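[1] Build me a model from this:
(2 chains)
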Amino acid sequence: MEVAQQEILAQAAPIETKNVSGSVALLEALIAEGVDTIFGYPGGAIMPIYDALYDYNDKLNHVLVRHEQGGTHAGQGYARTSGKVGVVFATSGPGATNLVTGLADAQIDSTPLVCITGQVFAHLLGTDAFQETDVINITTPVTKWNYQVTDANEIPEVIAKAFYIAKSGRPGPVLIDITKNAQIQLFDYKGYTKCEHIRSYRPKPIVRTQYIEQAAALINQAKKPFILFGQGILLGSAEQEFKAFVEKSGIPAAWTILGVGAIPTDHPLNVGMLGMHGNYGPNVLTNECDVLIAIGMRFDDRVTGRLDKYAKQAKVIHLDIDPAEIDKNVKTTVPVWGDCKETLPMLTALIEEKQHTEWVNLFNDYTRKEVEAVIEKELNPTSGEMTMGEVIKQLNELTKGEAVIVTDVGQHQMVACRYAQFNNTRSNVTSGGLGTMGFALPAAIGAKYGAQDRTVVAIIGDGGFQMTCQELGTIMQSGVDVKIIILNNRFLGMVRQWQELFNDRRYSFVDIQSPDFVALAAAYRIPGKVISDREDLQGALKLMLDTKGSFLLEVMVTKENNVFPMVPQGCSVSEIRLK
Amino acid sequence: MSNQDINDRQEYNITIYTENQVGLLNRIAIIFTRRKINIDSLNTSPSEIESIHRFNIVITESEEVVRKLTRQIEKQVEVLKVYYHTNEDVVWQELALYKVSTDVIAEKVSVERLLRENGARAVVIRKDYTIFETTGHREETDNLISILQPYGLIEFVRSARIAIIKDSEGFNAKLREFERLEPGEEVVENEYLNRGSKVFTM
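    Numbers count the residues shown, from 1 in each chain, chains lettered A, B, ... in the order given. Down below sits the predicted model:
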């Protein structure tokens, strides 16, 4: 039936003026946009594109994932480490609906993706055709932009728009749904022109110097200024500009989970992590600073805790590229719209060179308290079962902070982000806003494709690993080199921690059983090892890092460890608990 | 929501200039539904500028909520510009049509008086029914319903609200307020609009 339909469509077209199929135009567009890797999964409605891809094998590397969700996370991992747009292919219906989690994750974490979905023939739209789903409407809330192509003539222009929208301004996911007839249709292809302007779309707000001046005046008067930095610096490739700003101003700076690595973890003015499981000083002193300078971050509730008790004493300067973020959660004194790559140097030029020694020392005092109460026993335990923290510490020593660390969601994520050393930008890949369990394994695959010369280590919990462990098949088949550490505490640990602290230890469905992970890896021809003794840790990590190709290391860690410090839900950041 | 917010709630007229694109209505509507905000009235129609559509949306909310909503709407790729105004800032109208039995009307009321007193006009007069039309605020169109109800109002329909922002001076003043929060200057946008074929559009 479908084949007959294709023939009719092909015959109906006057061949002499139409020489390129929609599918070929799509692939040409991808090449013109500099795409080298596609994460995808074929199916009925995207078959013409896959047929064309058969001839593009030398130019486009297609990685066959095991589930479309894995495709989106791989695309995200690729985008995060490379700074380029991740590209994902999926078929119609279930293929497209499986993208939704990854799209939502990319939307909330501002990750540039272009997803191409196949769709049933245009004349079948709305007929409940086989594998037809209304993917445009399903994905509207979780995409920056989406569009359905029903005519091949639209393809070059639409793909150009898709890439422009995905990567410009505040990046985000774009989905293009292409009906099968448009994929097959031959048309008069006039080449590909990149999109550089859309009249209804302003990716970058105009920088207003008066706000830069006001911000500089506030900073120059400040006695206890404090910088909060987020992923905006990475997305704007403004790491150097940021470092110059921090070093000239002498202001202590703390990071959100997606901002880590914008300046090295061990920079003297990097005072640590913000938020619910962030460091002690940055949380407490948020409520003592006089000027809060937020750069490329969005005051997520996991960062702010209780809003009506958040930094009420401070004047707030907010640098962001997205006008909708200004005043969304925290009232701003001076809004500095714009790309921080432009605004930061303008601000740096106007500020006085200073050192806030006493104020920075206050952070160090809090660090000492935190080390004593929390960090020392997490990183250097001498007895009992292993902790997650000591695994990260040993890993730091072996990788020297040069590795890309990909984490899943939960306790291990908080521990890894708190303690991992990052010397470089674009080194931490995690699901921040959406908190998607199952993110890490496929994201690590993509992260490796995006940074082929770097070591990629995925740190995953025993729960999250089981959500997307079929991607071991992708690793097996592609031969991608990903080091996997499973921190196994035999619990869905973060929920268990909350149940312990707030639900009177009523452990409701957090006791999770796991398969033999090493045997599972072996089934996919991936070598592995399981350890439970402290003395084996360093050797096992070395073995993992020295092994050519992928390796799975399962580390049995303490069952009922809690992540501290912690700002309990509904509490102010200054009410952070050390135990 | 605090008591303050509830007290601040009033009708706001949101004016949105957009590209004419399939799916955009949904993209705009879900910004309201995601926050469980009811749309009181929605009108969309081509504007005076070719290929640009104008939405008029009425909601009852506090200004802070409305301001955040407008920024989320403006963030959509195919939205050119969003403004919000209170009822005092706009001149607004709704159109209403009333179908009544011609026999009853002819027998029981003076049609002429009815039309004159309510600013209505007869659109269609047939043997079996007559259709009246009025424009006005909600109370005014409601008023004619109650007048006609005793005479057997057969059918009634009312349009969404359309609103014109009172004067361009006020409009620019408003824009300056927006400028503090949103840097797109009106002039810049007009440049975009006038560039026609040079700009990328679909």
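
[2] Pull the distance from stretch B:27-46 to the chain's centre.
    12 Å (CA atoms, centre = their mean, to the nearest Å).

[3] how about low-confidence regions in chain B?
    Scanning chain B with the threshold set as pLDDT under 70 gives B:1-6, B:167-202.

[4] Please enumerate the strands of chain B.
    Counting by DSSP state E, the segments of chain B that form strands are B:10-19, B:41-46, B:52-61, B:79-86, B:90-101, B:121-125, B:129-136, B:153-158, B:162-165.

[5] Could you point out which of the ones you listed sits nearest residue A:333?
    Residue A:333 sits nearest to strand B:79-86 of all the strands of chain B, at 23.2 Å, using CB to CB. Using the backbone N, CA and C atoms, a C-beta is placed for each residue, glycine as well.

[6] now the angle between strand B:10-19 and the closest one, please.
    If you take axes from the mean of the first three to the mean of the last three CA atoms, to 10 degrees, strand B:79-86 sits at 160 degrees to strand B:10-19.

[7] strands paired with strand B:79-86, and their directions?
    strand B:10-19 (antiparallel) (DSSP bridges).

[8] Just list whatever residues bridge to residue A:316.
    Bridge pairing for residue A:316 - DSSP bridges - gives residue A:292.

[9] still on that earlier bit, tabulate the strands of chain B (TSV), appending mean neighbour count.
    As requested, those are exported to TSV (neighbours: other CB atoms under 10 Å in any protein chain shown):
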stretch	mean neighbour count
strand B:10-19	20
strand B:41-46	15
strand B:52-61	20
strand B:79-86	20
strand B:90-101	19
strand B:121-125	13
strand B:129-136	19
strand B:153-158	14
strand B:162-165	17
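
[10] got CSV for those, with distance to residue A:247 too?
    Converted to CSV, these look like this (distance: least, CB to CB, whole Å):
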stretch, distance to residue A:247
strand B:10-19, 44
strand B:41-46, 52
strand B:52-61, 45
strand B:79-86, 40
strand B:90-101, 52
strand B:121-125, 74
strand B:129-136, 65
strand B:153-158, 64
strand B:162-165, 49
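
[11] right, and those strands - which one's nearest residue A:551?
    Across those, closest to residue A:551 is strand B:79-86 (CB to CB), at 49.0 Å.

[12] from the chain's centre, how far out does the closest one sit?
    With CA atoms, centre = their mean as the basis, strand B:79-86 stands 12 Å off its chain's centre.

[13] now stretch A:487-504
    That offset, for stretch A:487-504, works out to 24 Å (CA atoms, centre = their mean).

[14] Same check on stretch A:107-115?
    8 Å.

[15] Indicate whether it makes contact with chain B.
    No: contact of stretch A:107-115 with chain B (CB under 8 Å from any CB of the partner chain) is absent, the minimum separation being 11.9 Å.

[16] Report the rounded mean pLDDT for that stretch.
    If you average the pLDDT over stretch A:107-115, you get 98.

[17] cool, and stretch A:290-309?
    96.

[18] Now do the buried residues in that stretch.
    Counting neighbours by 16 or more other CB atoms under 10 Å in any protein chain shown, one finds that the buried residues in stretch A:290-309 are A:290-300, A:302-306.

[19] Extract the C-alpha set from that stretch and format it as PDB.
    Provided in PDB are the C-alpha atoms of stretch A:290-309 (Å, rounded to 0.1, in the frame of the first residue of the first chain):
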ATOM      1  CA  ASP A 290      24.900  43.000  50.100                       C
ATOM      2  CA  VAL A 291      25.000  42.600  46.300                       C
ATOM      3  CA  LEU A 292      24.100  39.400  44.500                       C
ATOM      4  CA  ILE A 293      25.400  39.100  41.000                       C
ATOM      5  CA  ALA A 294      23.600  36.300  39.100                       C
ATOM      6  CA  ILE A 295      25.200  35.400  35.800                       C
ATOM      7  CA  GLY A 296      23.500  33.000  33.300                       C
ATOM      8  CA  MET A 297      21.400  31.300  36.000                       C
ATOM      9  CA  ARG A 298      17.700  31.200  36.600                       C
ATOM     10  CA  PHE A 299      17.100  31.000  40.400                       C
ATOM     11  CA  ASP A 300      15.700  27.500  40.300                       C
ATOM     12  CA  ASP A 301      13.900  26.500  43.400                       C
ATOM     13  CA  ARG A 302      16.600  23.900  44.200                       C
ATOM     14  CA  VAL A 303      19.000  26.900  44.300                       C
ATOM     15  CA  THR A 304      16.900  29.400  46.200                       C
ATOM     16  CA  GLY A 305      15.000  27.300  48.700                       C
ATOM     17  CA  ARG A 306      12.200  29.400  50.300                       C
ATOM     18  CA  LEU A 307      11.900  32.500  48.000                       C
ATOM     19  CA  ASP A 308      10.500  34.900  50.500                       C
ATOM     20  CA  LYS A 309      13.600  34.400  52.700                       C
END
